[in-house]
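>>> Pasting the sequence and the predicted model now:
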Amino acid sequence: MTQTQLEPSAPKPAGHSPHEVRKWIDYFTFNTDHKVIAVQYLVTTFIFYCIGGVLADLVRTELRTPSSDFVSPELYNGLFTLHATIMIFLWIVPAGAGLANFLLPLMIGAKDMAFPRLNALAFWIIPPAGILLISSLIVGDAPDAGWTSYPPLSLVTGKVGEAIWIMSVLLLGTSSILGAINFLVTIFKMRTPGMTFNKMPLFCWAMLSTSALALISTPVLAGALILLSFDLIAGTAFFNPTGGGDPVVYQHMFWFYSHPAVYIMILPFFGVISEVIPVHSRKPIFGYQAIAYSSLAISFLGLIVWAHHMFTSGVPDWLRMFFMIATMIIAVPTGIKIFSWLATMWGGKIRLNSAMLFAIGFVSTFVIGGISGVMLASVPFDIHVHDTYFVVAHLHYVLFGGAVFGIFAGYYHWFPKITGRMLNEFWGKVHFVLTLVGMNMTFLPMHKLGLMGMNRRIAQYDPQFTNLNQVCTYGSYILAVSTLPFIVNVIWNWMFGAKASDNPWQALTLEWMTTSPPAIENFEGQPVLKTGPYDYGMEREETDTAITEQETAVAANS
C-alpha cells in the first residue's frame, strides 16, 4: 500500500548527492543536522546513565548492611543526590529529546528541525552542565539535600556544591526550554503536505504534549532555583525561615515543575510504545485518537496535581481533597493508553524481538508503578508512607520500569534507521531478561520496606530491614551487569553488524520511507501524504507481512 509520493527535489549544487550521509567526525562538531544532534544526545545521555548507575550501586552497596561502613554519611548524601539529579536531568529528559530530534522531522516529512542552530545549542549546553554537576563531588562540599533541594537544609549544608548544583540544573532547564520551543514550532509549521494533526504519528502527539508541558513548567523551577541561590549566596530570605522566609513556597514552586517533569519524562516514551507495539503486533493501533488526545489530557492535568507531594506540609484539608481527586483523575487518560496498547496486541501476530519485549516490559512494569501512584494519591495512605521506601519503589517503577524500558524499546526499534545496521537479537533478549530481573529484584522489595517503615535517604537503618536491603543490593548489581550486553551489541553491530534495509520491520510511518541511515536532507524529494498510516478512521486491510529475509538472516546469525 502506498502511503506517500515524492515530488522531485530542486537541483542540487555540484558535488552534492541526495544520498550523502554524515561522516563520523561530524558527531564531534557543532553540527546542525538533526540526525547528528540526535546521536550526540543519545550517546552523551547514555554515558551519564552509566555514571548515574555507578552512583546508584555505591548507594546500594552502602545499604547492604545496617551500619555506615562503606562510605561516610556525608558522601552517601552526596551520592544519592547526584544519582537522582543525573538520572532525571541528564538521562531520561534529554534521552527523550534525542529520540525526538531524530524522529520528528522524518515522521512529518521535514528536512530538519525548525531552528537547527538553536537545536545544536540545546545539546551543547548539556555536556558542560553535566561535567559541572559531577565536579561538585570533588570540591569537598558536595550537594547533599537530595534532588528536591528543600530549604532550609539546602541552605546550611554543602554550600559550594549546592551552588554548583543550582547552576547545573538551571543550564539543563534552559536546554529543555530551547528544545521544547523547537519541537513545537517544527510540529506546527513543518508538516509535509497532506499531514493533518489527525494523521500525525502518535510519537509526534506525545512530543507536542511534552513540549507544551516543559515550556509552561520549567521556567517556574528556574525562578525557584534563582531565588534559592540568592538565599544561599547573598543571604536573602525568600525561603529561609530564620529570616522570615517560607520554605513551603519553594516546595510549591519546585513541585509545580517536578510533578509535570514526571510526565515530561514519560510522555515521549508513551509515544515510543505507541509506535513500537502496532509494528511488531502487525496490527493498526487501537484507538488512535483516544491515545493522541489522552496525551493532551495528561499534559493539562499534570499542571494541577503538584501539591499531592505536599500532603504533610500543612496543606489545608480542602486543598488536599482537590489534589487527591485531580491526581486520581490523571490515571484515566493513562489507563486509556494501556487499554489501547493491550487491545492492539490482542489477536496480533506478535514478533517477540528485543524492541517488542522492552515495550511489553514497559507496559507491565509501568502498570505496577501506576497502581502504587493511585495509592499514593490517597491522603491517608500518602501520609502513612511519606518519606519511606514505598515512594522510592513507586518512583522507580514509573521512571525505570517506564521511561528506561521505553528508551531501550526505541533504541532497538530505530537502531537500523539511525545506523543502517541491525542489532543482534540474541544479545538484545539477554539484555531484556537481565534488565527485567534486576529491576524487579531491586525495586519490588522496596514496597515492603516502605510499608514496614524504613525511611528513605538514610545510610543507617534498623537491622530488621537487612535481608530485604540485601536483595535490593544484589538486584542492583544484576541491573548494572545488564547494561554490558547492550553496550557490546551496539558498538559491535554499529561497526560490523548486518546491513539494514530501508524498512526492516515493514512499518508504515514516514521515517521508514527513506534510506537507512537517512540522507542529509532526509528525503530525495518532498513527501506528500496521500492515505497515511494514521488515517485510522478508515477501514484498511491489515498488513500481514512475514519476517523479511534480512531479519531471518540476522536471527540465524544470532
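Nice, I can see it. Residues are numbered from 1 along each chain as shown.
>>> what's the burial count for Gly244?
Gly244: 8 surrounding residues under other CB atoms under 10 Å. For glycine as for every other residue, the C-beta is placed from the backbone atoms N, C-alpha and C.
>>> Tell me the pLDDT of it.
Each residue has a pLDDT score; the one for Gly244 is 92.
>>> so how far is Met324 from it?
Taking CB to CB, to the nearest Å as the measure, Gly244 falls 31 Å from Met324.
>>> cool, Leu342 as well?
Applying CB to CB, the value for Leu342 to Met324 is 27 Å.
>>> Looking only at neighbour counts, state which of those two leads.
For Leu342 versus Met324, the count of surrounding residues by other CB under 10 Å is larger for Met324: 20 against 14.
>>> Please list all residues in contact with the more buried one.
Contacts for Met324 (CB atoms under 8 Å, 6 or more residues apart in numbering) come out as His308, Ala377, Ser378, Val379.
>>> Need phi/psi at the third one.
Listed backbone geometry of Ser378 is phi -80, psi 120, with angles given as degrees, to the nearest 10.
>>> Run a quick neighbour tally on it.
15.
>>> just use 50 as the starting number from now, easier for me
Okay, using 50 as the starting number, the last item reads as Ser427.
>>> Which of the residues in stretch 407-417 are classified as buried?
Under the neighbour-count criterion of 16 or more other CB atoms under 10 Å, stretch 407-417 has Phe407, Ala408, Ile409, Gly410, Phe411, Val412, Thr414, Phe415, Val416, Ile417 buried.
>>> Pretty sure the fourth one sits against Phe481.
When you say that, I think you mean Gly410. Yes - Gly410 lies in contact with Phe481 (CB atoms under 8 Å); the separation is 6.6 Å.
>>> can you give me the helices for the stretch 250-399 of the chain?
251-278, 296-330, 337-350, 366-378, 380-394 (DSSP state H, counting those that start in this stretch).
>>> winner for burial among those helices?
Mean neighbour count (mean count of other CB atoms under 10 Å) peaks for helix 296-330 among those, with a mean of 24.
>>> If you count contacts, what does that one end up packed against?
On a contact count with 3 or more CB pairs under 8 Å, 6 or more residues apart in numbering; DSSP states H and E, helix 296-330 meets helix 142-157, helix 251-278, helix 337-350, helix 380-394, helix 403-426, helix 454-468.
>>> The longest one: how far from the chain's middle?
Its chain's C-alpha centre lies 14 Å from the corresponding centre of helix 251-278 when counted by CA atoms, centre = their mean, to the nearest Å.
>>> Same question for the third one.
A distance of 18 Å separates the C-alpha centroid of helix 337-350 from that of its chain, computed with CA atoms, centre = their mean.
>>> average pLDDT for it?
Here the average pLDDT along helix 337-350 is 95.
>>> Tell me the helices and strands packed up against it.
Looks like helix 337-350 contacts helix 251-278, helix 296-330, helix 380-394 (3+ CB pairs under 8 Å, 6+ apart).
>>> Figure out which of these is closest to Val218.
Comparison of these against Val218 by CB to CB identifies helix 251-278 as nearest, at 6.1 Å.
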